[in-house]
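K.L.:
Need coordinates for the below:
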Amino acid sequence: MSATDAKLHGAVLAGGESRRMGRDKAWLRVRGEPLWQRQMRVLHDAGAASVTIVRRPGQAGFGPGVLQVRDRFPGAGPLAGLHAALFATRASRLAVLAVDMPEIDAAWFRWLGSFCRPEAGAIACHADGCEPLAAIYPREALATVTRRLQETRLSLRELVAELAQTQRMTIVPLPESERWRVENWNLPSCLRVRA
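P.N.:
Purely as a prediction, here's the structure:
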């Protein structure tokens, strides 16, 4: 995937309730930069022609000039965020990045992009499962995501399994030495260690 691939759109999922963190994770800072801005920059640097931030209805926005969409299925967790992002794009591929994964960089998405095929995205998997919130989805996944939301089947793990089975997602083994990249910030103690 080249840095100028106009077929790639980016989405930062920033609609979580942040109960364990105790405050909106989008505004946490890493090396002085709010996470929402950092994640947008990562996706742009990875080649996304545009980047959208996905929020829950009622959450504070990020001001003018920032593309934003809201979950269309409130209360359905990250699957609703993925749906909102897929629904909002016309690009053939969507690079999704959770706002609370500060170790993912542009190289991560270039690496995953090398495994994408027409109408199929790519996702990294390791011994504990896959990483659906740092993955590339084909736009064709929208129908599957919509159906699962309508059926109240909200598991991202099951979604990935279905997409892989229908040839819409390529499973990419993540080397154990790279597992540190997929850690997320869930607790205040994460800030003291890595901010």
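K.L.:
in the protein, which spans are helices?
P.N.:
35-45, 77-88, 106-113, 142-150, 156-165, 188-194 (DSSP state H).
K.L.:
What is the first one packed up against?
P.N.:
If contacts are counted by 3 or more C-beta pairs under 8 Å, 6 or more residues apart in numbering; DSSP states H and E, helix 35-45 sits against strand 8-13, strand 50-55, strand 93-98, helix 106-113. C-beta: built from backbone N, CA, C; applies to glycine.
K.L.:
And the fifth one, by the same measure?
P.N.:
Counting contacts by 3+ C-beta pairs under 8 Å, 6+ apart, helix 156-165 packs against helix 77-88, strand 129-130, helix 142-150, strand 169-173.
K.L.:
Poorly predicted segments of the protein, please.
P.N.:
Across the chain, the ranges flagged by pLDDT under 70 are 1-6, 16-23, 185-195.
K.L.:
Pull up the distance across stretch 122-130, start to finish.
P.N.:
In stretch 122-130, first residue to last residue: 10 Å (C-alpha to C-alpha, to the nearest Å).
K.L.:
what do you get for stretch 37-54?
P.N.:
End-to-end distance for stretch 37-54: 13 Å, by C-alpha to C-alpha.
K.L.:
Name the residues of it that are buried.
P.N.:
Across stretch 37-54, burial judged by 16 or more other C-beta atoms under 10 Å covers 37-40, 42-43, 46-48, 50-54.
K.L.:
Around residue 169, how many other residues sit close by?
P.N.:
Here the number of neighbours of residue 169 (other C-beta atoms under 10 Å) works out to 28.
K.L.:
Any idea how many residues pack against the nearest residue to it once chain neighbours are set aside?
P.N.:
Distances taken as C-beta to C-beta, 6 or more residues apart in numbering place residue 163 nearest to residue 169, at 3.8 Å, with adjacent residues excluded. Neighbour count of residue 163, defined by other C-beta under 10 Å: 24.
K.L.:
Against residue 150, how distant is residue 163?
P.N.:
Residue 163 is 17 Å from residue 150, where distance means C-beta to C-beta, to the nearest Å.
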